[in-house]
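> pasted the sequence and its predicted model underneath.
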Amino acid sequence: MNDSVRQLYQAIIIDHGQSPRHHGALPGATHEATVDNPLCGDQVTLRLVVEGDRIRAAGFEGQGCTLSQAAASLLATRLTGAAIDDARALVDRFTAFVREPAGAPVPEELGDLGAFAGVREFKSRQPCATLVALAFTRATGGRG
């Protein structure tokens, strides 16, 4: 396995892809969106329980490659408990980060989402990593 592929599938991505957190139905969800990538068949449904200006719970269901499922797991983990404005900023920053040129620094605020740095070398895999971000944007009434 070359270094680019190794970076793409860092241990945290493999872990979250094989044992996703926040996976399954989310009773009482107030916001929901399903998005799919028709090019590869990945699909993610993101559900949120929003109370006031805070996301009290986040969960997802989906199918697809390790990248799409791991991104959904990691992002749902970060969204749980976040203020909506902070969550929007995180989602926007993550999406921009995945699309930046390879080698650009990893913003500290991304935390474990920085594991997706390797995706920047594979333009065809970027939609897999950002599928859940698109679902978040749609679920919260943003464009996307």
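That came through, no problem.
> who are the contact partners of the spatially most central residue of the chain?
Centroid-nearest residue in the chain, with Cα atoms, centre = their mean: Ala71, separated by 3.6 Å. When contacts are counted by Cβ atoms under 8 Å, 6 or more residues apart in numbering, Ala71 touches Leu113, Phe116, Cys128, Ala129, Thr130, Leu131, Val132, Ala133. Glycine gets a C-beta too; all of them are placed from N, C-alpha and C.
> now, which of those sits nearest Asp85?
The shortest gap between Asp85 and any of the contacts of Ala71 belongs to Ala133, at 15.6 Å (Cβ to Cβ).
> how close does that closest one get to Ala72?
Using Cβ to Cβ, to the nearest Å, we find Ala133 at a distance of 9 Å from Ala72.
> I'd say Thr34 and Ala135 touch.
Yes - assessed by Cβ atoms under 8 Å, Thr34 is found in contact with Ala135 at 6.9 Å.
> what's the end-to-end length of stretch 117-135?
By Cα to Cα, to the nearest Å, the extent of stretch 117-135 from end to end equals 20 Å.
> helices along this structure, start to end?
Taking DSSP state H as the criterion, the chain carries its helices at 3-8, 11-18, 66-79, 84-99, 126-139.
> need the CA coordinates for the longest one. PDB is fine.
Okay, so that is helix 84-99. Below are the C-alpha coordinates for helix 84-99, written out as PDB (Å, rounded to 0.1, in the frame of the first residue of the first chain):
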ATOM      1  CA  ILE A  84     -26.100  25.000  15.600                       C
ATOM      2  CA  ASP A  85     -23.900  28.000  14.500                       C
ATOM      3  CA  ASP A  86     -20.800  26.100  15.700                       C
ATOM      4  CA  ALA A  87     -22.000  23.000  13.900                       C
ATOM      5  CA  ARG A  88     -22.500  24.900  10.700                       C
ATOM      6  CA  ALA A  89     -19.000  26.400  10.900                       C
ATOM      7  CA  LEU A  90     -17.500  23.000  11.600                       C
ATOM      8  CA  VAL A  91     -19.300  21.400   8.600                       C
ATOM      9  CA  ASP A  92     -18.300  24.300   6.300                       C
ATOM     10  CA  ARG A  93     -14.700  24.000   7.500                       C
ATOM     11  CA  PHE A  94     -14.600  20.300   7.100                       C
ATOM     12  CA  THR A  95     -16.000  20.500   3.500                       C
ATOM     13  CA  ALA A  96     -13.500  23.200   2.600                       C
ATOM     14  CA  PHE A  97     -10.700  21.200   4.100                       C
ATOM     15  CA  VAL A  98     -11.500  18.000   2.100                       C
ATOM     16  CA  ARG A  99     -11.400  20.100  -1.000                       C
END
